[in-house]
Structure formats: C-alpha cells, structure tokens
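Engineer: have a look at this prediction, sequence included:
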Amino acid sequence: MQKVNKACEIAPATRVSNVQEYYFSKKLQEVARMNAAGKNVINLGVGSPDLPPSEQTIETLCQHAHHAGEHGYQPYIGIPELRKGFTDWYHRWYGVELNPQTEILPLIGSKEGVLHVSMAFLNPGDRVLIPNPGYPTYTSVSKLVGAEIVPYNLCEETGWMPDFETLEAMDLTGVKIMWVNYPNMPTGANATMELFEKLVTFGLKHGIIICNDNPYSFILNDQPLSILSVPGAREICIEMNSMSKSHNMPGWRIAMLATNARFIHWILKVKSNVDSGQFKPMQYAAAEALNAPKEWYESMNRVYAQRRRLAGKIMKALGCRYDEAQVGMFLWGRVPDHTGNAEAVADRILYNANVFITPGFIFGDQGEKYIRISLCCPEETLKEALRRVVMLQN
C-alpha cells in the first residue's frame with residue numbers, strides 16, 4: 001500500500017501569515033543579484049554605520065577574549081560592569097539616575113527588545129499605538145504576538161510629532177502600549193522635553209505604557225534627551241537605547257532598556273527564556289565604549305555633517321525638499337508631486353543609476369511621498385552617487 005506524503009499539508013503558524021519578510025531582507029537580495037551581474041550598486045538604504053568603534057573598545061574586546069574563563073554563558077541581566085556603564089552613561093548625558101541592579105536590562109539589540117517588551121505585556125487582542133511613518137518592526141512584532149495595530153499619523157505639517165488632540169479623541173479601549181521613537185526615524189524630527197512631558201502625562205492618564213526607542217540621540221544632535229528625565233516617567237515609560245548607531249557597533253548587537261523594577265522583572269521573564277547572555281568580552285568592551293569623551297562623539301558628527309551636506313545635494317538633484325533641522329544618520333525628503341510616489345522614484349534611481357535609496361512607504365502610508373538617504377558610507381561614495389543621480393536627471 002502506497003503511503004501518503006503528508007509533508008505537503010504542513011502549514012506555518014498563523015502569525016507567520018500575518019507578517020511579510022522585512023523589506024531590506026528582500027531588497028538587499030535584489031541588490032546583491034545586481035552586483036553579481038556587475039552593476040556596482042551604491043547602497044544608501046541601510047543605516048549600518050561604516051566607521052569602527054573607538055580603539056579602546058576594540059582593544060578591550062581583544063584583551064578579554066584571550067582570557068580562558070570568559071567564553072562561557074553569561075548572566076541574563078548582563079555583567080555588573082556593563083549595567084553600571086549604562087547607568088553612568090545615562091547620568092552623564094541625560095541627567096537620569098538609574099539603579100544598575102533593578103532598572104537596567106542589557107539587550108542583544110533593541111530590535112530584539114521590541115519583541116521582549118511586546119511578549120511581556122501584550123495578550124492576543126490587546127491594542128498597540130504605532131506611529132505612521134514608523135519603524136516597521138513595531139508593526140510586525142505586534143502582529144506576531146496577536147495584538148491589534150492602532151496607527152497614529154505623524155505629519156510634516158506638525159513637525160512629525162503626535163497630535164494629542166487626535167489621540168485623545170480616539171477610542172483607546174484596550175490600548176496597552178504606545179511606541180514612540182525620538183529622535184525620530186525615519187523623519188529626523190528631534191525630541192523635545194515638551195513632547196516627552198506630554199507623552200508621560202498621556203500614558204499616566206490612560207494607563208498606556210509609553211515605549212521610547214532612542215538610538216539616534218547622539219547623531220548630529222547637540223542635546224541628547226531621555227524621556228526618563230521627566231518626573232514620573234519611570235512609572236509608565238520604557239526607554240530602549242542602542243550602541244549600534246551612537247558607538248558604531250551595529251553588528252555587536254548590544255543595547256539596553258531602562259524602566260521601573262517591576263517592568264524589568266516581567267521583561268526578564270521573557271528574555272531569560274530566549275537568549276543565554278552576551279559574549280563577556282563584548283560586554284567589557286561595550287562598557288569601555290560608554291566611557292567615550294565628548295570629543296569622540298564630536299569627531300563622529302564632523303564626519304556625518306559632511307556626509308549630510310552631500311546627501312542634501314542628492315536630494316536637491318532629485319528635486320526633493322527636506323528639513324535642515326533633522327538629526328540622526330538619515331536624510332528624509334519629500335519627492336516632487338509630479339514624479340509619482342517614492343517607490344517609483346527609488347526604483348528608477350536603482351535600475352537606471354545603480355543607487356539604492358529607501359522609499360518611505362515601507363514606514364507606513366504617511367511616507368509614500370518621501371525617500372530616505374543613509375549617511376553610512378564614505379564621502380567618495382556619496383559623491384559618486386551624486387554624480388550618477390545628476391547624470392540620470394540630465
């Protein structure tokens with residue numbers, strides 16, 4: 001008797017059907033195929049810093065990696081030196097006092113932190129306020145845990161800030177978390193204390209956890225701010241921070257979150273069942289990186305400032321307008337109305353000039369008329385991208 005092969009009947013979990021493969025995962029495969037065909041595509045899409053961490057950071061990693069006893073499993077809460085490093089960093093730059101034992105939790109990247117927070121607080125059917133435009137992971141992770149997405153629009157006319165009158169008029173029943181991201185990605189809108197105070201008041205009033213994703217506060221920004229500096233914020237706020245952008249360590253996957261001890265306890269229940277800690281020499285090196293003086297950040301920003309000027313020239317060559325007050329490691333610009341949507345503009349530049357830029361639609365429909373240029377490549381590469389775009393436009 002012939003046996004029936006049941007493998008063809010296997011289906012993925014429903015949660016997999018509810019999300020799409022990450023845009024950059026698919027698009028970078030296409031770029032790789034173009035490069036394999038000899039196209040030499042310039043990638044201005046992804047925000048992966050191309051500069052190295054400080055020399056002291058790398059030296060600390062190497063020194064500790066030679067120690068035989070530092071290659072085993074590590075504490076789920078990180079080593080004391082790293083927790084203290086984060087708390088000292090927050091005190092020095094944000095004026096925020098944190099308890100390194102109970103109010104800091106190191107993460108293997110803040111992207112992973114979005115998942116940990118969502119799993120710790122959201123039940124299927126709970127609702128989540130998500131910015132539009134905003135980081136796509138807020139939406140995809142919320143869907144993975146079975147939450148309902150409640151988008152709130154950010155508009156150029158209001159400086160890409162939440163409209164609290166509109167929020168107050170919405171049905172907030174069942175809303176558990178509000179994701180915010182200031183300094184903002186993708187728009188470059190900077191944080192303000194007024195904004196953070198309004199967010200804390202809103203969260204406390206409605207019992208909504210305010211999660212601020214804060215990895216860009218040191219890039220082309222003279223005044224780093226933390227939502228946790230607002231009185232009462234720790235009762236209702238979680239702030240995530242990352243060393244990927246601020247310290248040129250994206251591949252190291254070192255980040256943290258800070259909040260009250262009760263929230264930390266719940267999030268740790270999730271995290272301790274997902275990972276087994278971070279490589280100890282990397283934690284020592286990260287603690288060293290957090291000691292960087294003001295001059296180190298300034299030297300990085302001098303590089304980004306020059307790159308930003310070139311990115312601005314690319315925007316202008318495309319007829320795009322943008323806000324000069326943006327901060328962070330991207331430039332966000334509105335495409336001319338007559339050119340169609342941003343995806344069409346980005347594809348035309350990719351296929352005809354071999355330059356990859358990010359179309360804003362991937363961040364939500366409020367981004368459909370915008371493009372984003374990354375500053376994470378050398379000046380000479382940006383100059384070549386500018387030359388190609390100018391030639392295309394002519």
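Structural biologist: That came in fine, so what should we check first? What you see is a predicted model; the values in this text were computed from it and never measured.
Engineer: drop to CA atoms for contacts and neighbour counts, all remaining ones
Structural biologist: OK.
Engineer: tell me, how many residues neighbour residue 355?
Structural biologist: 25 (other CA atoms under 10 Å).
Engineer: residues in contact with it?
Structural biologist: 41-44, 349, 385, 388-389 (CA atoms under 8 Å, 6 or more residues apart in numbering).
Engineer: just the residues you listed: which are in helices?
Structural biologist: 349, 385, 388-389 (DSSP state H).
Engineer: which one (most neighbours) among those?
Structural biologist: In those, the most neighbours by other CA under 10 Å go to residue 385, 24 neighbours.
Engineer: what lies in contact with stretch 233-243?
Structural biologist: By CA under 8 Å, 6+ apart, stretch 233-243 touches 109-110, 113, 200, 203-204, 207-215, 226-228, 249-250, 253-260, 286.
Engineer: no no, stretch 367-376
Structural biologist: 44-50, 132-133, 186, 304, 307-308, 311, 329-335, 337, 340-343, 346, 357-361.
Engineer: buried members of the contacts of stretch 233-243 into ChimeraX, please.
Structural biologist: Buried residues within the contacts of stretch 233-243, by 16 or more other CA atoms under 10 Å, are selected in ChimeraX with:
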select :109,110,113,200,203,204,208,209,210,211,212,213,214,215,226,227,228,249,250,253,254,255,256,257,258,259,260,286
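Engineer: narrow the contacts of stretch 233-243 to those in helices?
Structural biologist: Counting by DSSP H, those place 110, 113, 200, 203-204, 286 in helices.
Engineer: and residue 29, that one's in a helix?
Structural biologist: Yes - Residue 29 forms part of a helix when assessed by DSSP: H, G, I helix; E, B strand; the rest coil.
Engineer: could you report the pLDDT at it?
Structural biologist: pLDDT, residue 29: 91.
Engineer: number of nearby residues for it?
Structural biologist: Residue 29 has 11 nearby residues by other CA under 10 Å.
Engineer: what's the answer for residue 231, then?
Structural biologist: 11.
Engineer: re the thing from before, possible to save the contacts of residue 355 as TSV with pLDDT?
Structural biologist: As requested, the contacts of residue 355 are exported to TSV (pLDDT from 0 to 100):
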residue	pLDDT
41	94
42	96
43	95
44	95
349	95
385	97
388	97
389	96
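Engineer: circling back: of the ones in helices among the contacts of residue 355, closest to residue 293?
Structural biologist: If you rank those by distance to residue 293 using CA to CA, residue 385 comes first, at 33.2 Å.
Engineer: ok, that closest one - contacts?
Structural biologist: Contacts of residue 385 (CA under 8 Å, 6+ apart): 42, 314, 355.
Engineer: quick one, phi/psi of the last one?
Structural biologist: The phi/psi pair for residue 355 (degrees, to the nearest 10) reads phi -130, psi 120.
Engineer: how far away is it from residue 198?
Structural biologist: 40 Å (CA to CA, to the nearest Å).
Engineer: likewise for the first one?
Structural biologist: Note on residue 42: its distance to residue 198, by CA to CA, is 41 Å.
Engineer: what about the two, which has more around it?
Structural biologist: residue 42 (20 against 13).
Engineer: hey, where'd the helices end up in this protein?
Structural biologist: Under DSSP H, the chain gives helices at 14-17, 23-36, 55-65, 80-94, 110-121, 136-144, 164-169, 193-206, 243-246, 261-271, 280-289, 294-317, 342-353, 379-393.
Engineer: residues of the second one that come out buried?
Structural biologist: Within helix 23-36, the residues scored as buried using 16+ other CA under 10 Å are 31, 34.
Engineer: next: the last one.
Structural biologist: Neighbour counts using 16+ other CA under 10 Å place 379, 381-383, 385-386, 388-390 of helix 379-393 among the buried residues.
Engineer: could you check the angle helix 342-353 makes with that helix?
Structural biologist: Per axes from the mean of the first three to the mean of the last three CA atoms, to 10 degrees, the angle that helix 379-393 makes with helix 342-353 is 100 degrees.
Engineer: quick check: angle from helix 379-393 to helix 294-317?
Structural biologist: Going by the same axes, to 10 degrees, helix 379-393 makes 10 degrees with helix 294-317.
Engineer: how far is helix 379-393 from where the chain is centred?
Structural biologist: Offset of helix 379-393 from its chain centre (CA atoms, centre = their mean, to the nearest Å): 27 Å.
Engineer: what's the answer for the longest one, then?
Structural biologist: Relative to the mean C-alpha coordinate of its chain, helix 294-317 is positioned 19 Å out (CA atoms, centre = their mean).
Engineer: which residues sit against it?
Structural biologist: 218-220, 246, 321-322, 329-331, 333, 373, 375, 378-379, 382-383, 385-386, 389-390, 393.
Engineer: buried residues in the worst-scoring helix or strand of the chain on mean pLDDT, which are they?
Structural biologist: Within the chain, confidence by mean pLDDT, DSSP states H and E is lowest for helix 14-17 among all helices and strands, at a mean of 80. Under the neighbour-count criterion of 16+ other CA under 10 Å, helix 14-17 has nothing buried.
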